[in-house]
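Chemist: requesting a structural model of the entry that follows:
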Amino acid sequence: MENYSAALARKLHSWGLNNLAATLLESGGPLPYLGAQALYMVAPLLGPLTPENDAMALARILEDPGSTRDLIKSLSEASQH
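Modeler: Residues are numbered from 1 along each chain as shown. Below you'll find the predicted structure:
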């Protein structure tokens, strides 16, 4: 998961979205968990747009508070580079 978190943080940073994503995750309360549930539901539909494994990996990160904190840390570190 950590490698996917770091890769996702780099991608969001390249799009200029890492600060927004970190803010939403930090202040989201149940938002990450609800986002995970939404990803589980739409993952099969995202197949043509993105590998289904990516959506599932992100859902697992968002579902686990520890993994979500690691993603926030990666997003913050990406903005410092």
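Chemist: only the buried residues of the host helix or strand of Arg60, if you could.
Modeler: Following DSSP states H and E, one finds Arg60 within helix 52-63. Across helix 52-63, burial judged by 16 or more other CB atoms under 10 Å covers 54-55, 57-59, 61-63. Any C-beta I mention is one placed from the backbone N, CA and C, and that applies to glycine too.
Chemist: longest helix in the protein, please.
Modeler: The residue-count maximum for a helix in the chain (DSSP state H) belongs to helix 65-80.
Chemist: elements contacting it?
Modeler: If contacts are counted by 3 or more CB pairs under 8 Å, 6 or more residues apart in numbering; DSSP states H and E, helix 65-80 sits against helix 2-14, helix 18-27, helix 52-63.
Chemist: quick check: buried residues in it?
Modeler: So helix 65-80, judged by 16+ other CB under 10 Å, has buried residues 67-68, 70-72, 74-75, 78.
Chemist: generate CSV for those, with pLDDT and distance to His13 as supplementary columns.
Modeler: Shown next, in CSV, are the buried residues of helix 65-80 (pLDDT from 0 to 100; distance: CB to CB, whole Å):
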residue, pLDDT, distance to His13
Ser67, 91, 18
Thr68, 91, 17
Asp70, 91, 16
Leu71, 91, 12
Ile72, 91, 13
Ser74, 89, 9
Leu75, 90, 8
Ala78, 74, 4
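Chemist: and these, which is closest to Gly16?
Modeler: Relative to Gly16, the closest of the buried residues of helix 65-80 is Ala78; by CB to CB it sits at 10.8 Å.
Chemist: now do the contacts for the closest one.
Modeler: Contact analysis of Ala78 by CB atoms under 8 Å, 6 or more residues apart in numbering lists 9-10, 12-13, 18.
Chemist: which non-adjacent residue is nearest Glu26?
Modeler: Spatially, and ignoring its direct neighbours in sequence, Glu26 is nearest to Ile72 (5.8 Å; CB to CB, 6 or more residues apart in numbering).
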